[in-house]
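In: what follows is a predicted protein model with its sequence.
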Amino acid sequence: MAGKKLAGRRVLMVIAPEQFRDEELLTPKRILSEEGADVVVASTRSGTARGMLGASVEPDALLTTVDSADYDAVVVVGGMGSPAHLWKDADLHGLIRQMKEADKVVSAICLSGAALAEAGVLNGKRATVWPMPESLDALARGGAQYEEKPVVKDGKLITANGPEAADEFGQAIAGELARTTSRV
């Protein structure tokens with residue numbers, strides 16, 4: 001992995017067990033992996049996870065078994081399964097808060113920006129989300145300053161508004177990880 005700017009970095013990507021948005025997982029995962037990061041996919045239950053566009057993914061871990069100390073970043077993937085499976089998940093909220101408190105990269109794309117708000121890490125922070133009433137309400141309740149942009153970076157918090165932003169989102173996460181000097 002010589003020359004890879006993310007060699008030695010570990011990234012946890014969290015997906016809903018059904019109806020995650022394929023490119024919001026696969027595009028950032030490819031970008032991070034190509035730069036040398038070890039990417040682990042976790043979900044709320046075991047078994048094959050199904051994407052909205054037909055992707056099938058076998059999660060590497062259950063969300064209940066991951067330790068935030070093992071990762072440099074968390075990426076919460078969006079899609080229509082996010083509100084049902086991720087927004088109110090206490091294990092995910094705990095992981096997100098631990099990562100934020102440890103000054104690690106915390107990110108979410110599409111509807112999953114609401115999961116960050118529900119976890120309480122967006123208060124006073126700039127963020128974006130797929131704009132539907134429920135997700136915008138979640139950001140407002142969480143104290144976020146909503147910005148209607150494809151990708152919003154506020155320190156080590158990175159949010160994106162949907163699948164068209166997946167590439168820029170992945171690049172932003174890779175860039176922030178490359179700037180960070182601490183390693184797991």
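Out: Good, I have the coordinates.
In: alpha carbons only for contacts and neighbour counts from here, please
Out: Fine.
In: residue contacts, the closest residue to G94 other than its chain neighbours?
Out: Among residues not flanking G94 along the chain, A119 sits closest, at 7.3 Å (Cα to Cα, 6 or more residues apart in numbering). Shown in contact with A119 (Cα atoms under 8 Å, 6 or more residues apart in numbering): 92-94, 96-97.
In: same thing with A84?
Out: No contacts exist for A84 under Cα under 8 Å, 6+ apart.
In: so which strand or helix has it?
Out: Per DSSP states H and E, A84 falls inside helix 82-85.
In: any idea of the mean pLDDT in that helix?
Out: The average of the pLDDT scores along helix 82-85 is 98.
In: cool, stretch 167-182 as well?
Out: The average pLDDT for stretch 167-182 rounds to 90.
In: ranges for the helices of this protein?
Out: For the chain, the helices identified by DSSP state H occupy 22-34, 82-85, 90-101, 113-119, 133-141, 166-179, in order along the chain.
In: out of those, flag the one nearest K5.
Out: helix 166-179 (6.0 Å; Cα to Cα).
In: setting aside sequence neighbours, what's the nearest residue to G142?
Out: Closest to G142 by Cα to Cα, 6+ apart is A117, at 4.6 Å.
In: got the helices of the chain as CSV, with distance to G8 columns?
Out: Shown next, in CSV, are these (distance: least, Cα to Cα, whole Å):
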stretch, distance to G8
helix 22-34, 11
helix 82-85, 29
helix 90-101, 17
helix 113-119, 26
helix 133-141, 33
helix 166-179, 11
